[in-house]
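**Student:** coords below, sequence missing:
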């Protein structure tokens with residue numbers, strides 16, 4: 001084989017280097033073209049404007065209580081309040097509820113959501129949140145969880161659960177305080193009332209919570225136990241954001257997640273039977289001391305199952321004419337009718353085979369009778 005002259009060999013080397021360079025450049029161009037474009041932040045100033053993040057949640061400006069400008073900027077993982085002009089009186093409703101949600105709210109549904117979902121088909125609804133707070137505003141940082149007897153995807157649902165992670169300023173939930181409750185392993189101040197359109201049950205943290213992962217169904221079940229919803233109702237949306245009364249720029253949901261797991265898991269049963277597998281088993285002993293127009297009751301609750309009962313709630317109905325005046329070793333609310341006793345800090349758990357006692361004093365009229373139909377965390381109990 002003949003050897004090419006030096007000039008030809010040099011030209012061939014130059015051409016090979018040029019081809020390699022062009023191939024590398026083409027590969028880089030292909031990678032750039034294949035990579036998904038970064039999502040630019042989206043700012044919304046329309047009162048009820050929305051946008052989608054992560055392909056699964058809806059961010060809403062939701063300015064309904066003021067005509068002053070409010071803008072939210074949706075990010076890849078949450079949103080921040082970019083502008084929050086104006087203020088409203090702190091003894092009334094807030095200006096707005098800028099928020100992010102999974103589910104359906106006023107005809108807007110988040111992509112791919114499994115909501116509305118019937119409560120007795122939901123085994124768990126894990127959610128997590130990370131908040132960014134500011135100090136120059138009056139607001140709460142709160143979840144808004146909506147329940148309705150029907151799988152409604154528009155308008156106002158019948159029961160609203162609020163979880164106040166933080167409150168700044170002289171503001172309070174709708175209604176009045178009705179005691180405390182241990183839900184999700186935390187102690188909350190509980191408020192109950194209505195706003196003219198729906199019932200509201202609020203769980204207020206005693207100090208600020210900036211981030212938390214929890215099961216939304218813990219609060220739903222606590223609401224069912226208080227008679228404000230039924231196990232055959234529907235969970236329609238899980239929302240997280242802020243209710244500002246004054247200012248609010250800089251408030252942020254840094255991250256949010258919400259999933260709803262449905263199927264044949266350990267969801268609440270609309271007609272629980274303590275003999276069914278997986279249901280809590282319990283026995284109640286109800287002892288009384290009765291005198292004219294008055295009585296005391298000593299209640300012993302025994303966990304006859306094999307698993308501990310955390311955050312216990314004993315629901316029963318007082319006969320007509322009976323009213324509770326005070327209680328010990330438990331919070332019992334309301335004072336008459338369908339009542340629920342809940343554990344306090346030192347007795348919030350009933351171990352397997354264990355028991356606890358609480359009591360209350362009350363008044364009665366006419367012939368005295370004892371309640372029946374005791375239910376421990378939504379499971380029917382036998383009586384001793």
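**Tutor:** Arrived safely. Note that the structure is a prediction, hence the values are computed from the model and not measured.
**Student:** okay, domains of the chain per the record?
**Tutor:** If you go by automatic domain parsing, the domain ranges for the chain are 42-262, 282-383.
**Student:** now do the same end-to-end measure for the first one.
**Tutor:** Translated: domain 42-262. Its first and final residues considered, domain 42-262 spans 32 Å by CA to CA, to the nearest Å.
**Student:** avg pLDDT for that domain?
**Tutor:** Mean pLDDT, computed over domain 42-262, is 94.
**Student:** tell me the gap between it and the middle of its chain.
**Tutor:** On the basis of CA atoms, centre = their mean, to the nearest Å, domain 42-262 sits 7 Å off its chain's mean C-alpha point.
**Student:** distance of the nearest residue to residue 340 once chain neighbours are set aside from residue 287?
**Tutor:** Spatial nearest neighbour of residue 340, excluding adjacent residues (CB to CB, 6 or more residues apart in numbering): residue 315 at 4.8 Å. In this view, the C-beta of every residue, glycine as well, is placed from N, C-alpha and C. Counting by CB to CB, to the nearest Å, the gap from residue 315 to residue 287 is 19 Å.
**Student:** compare these two (neighbour count), which wins?
**Tutor:** A count of neighbours by other CB atoms under 10 Å puts residue 315 above the other of residue 315 and residue 287, at 20 against 13.
**Student:** show the pLDDT at that one.
**Tutor:** 87.
**Student:** still on that earlier bit, which of the domains of the chain is buried the deepest?
**Tutor:** The highest average neighbour count among the domains of the chain, using mean count of other CB atoms under 10 Å, belongs to domain 42-262 at a mean of 19.
**Student:** residues in contact with the residue nearest to residue 340?
**Tutor:** The contact partners of residue 315, taken as CB atoms under 8 Å, 6 or more residues apart in numbering, are 225, 227, 338, 339, 340, 341, 374, 375, 378.
**Student:** so the fifth one touches residue 311, yeah?
**Tutor:** This means residue 340. No. With contact defined as CB atoms under 8 Å, residue 340 does not reach residue 311; the gap is 11.8 Å.
**Student:** so residue 218, which of the three states?
**Tutor:** Secondary structure, DSSP: H, G, I helix; E, B strand; the rest coil: residue 218 is helix.
**Student:** what's the longest strand in this protein?
**Tutor:** strand 234-246 (DSSP state E).
**Student:** what angle separates the next helix or strand after it from strand 234-246?
**Tutor:** Remark: after strand 234-246, the chain's next helix or strand is strand 252-258, criterion DSSP states H and E. Here the directions of strand 252-258 and strand 234-246 differ by 170 degrees (axes from the mean of the first three to the mean of the last three CA atoms, to 10 degrees).
**Student:** does strand 252-258 pack against any helices or strands, and if so which?
**Tutor:** strand 79-84, strand 99-105, strand 126-132, strand 234-246 (3 or more CB pairs under 8 Å, 6 or more residues apart in numbering; DSSP states H and E).
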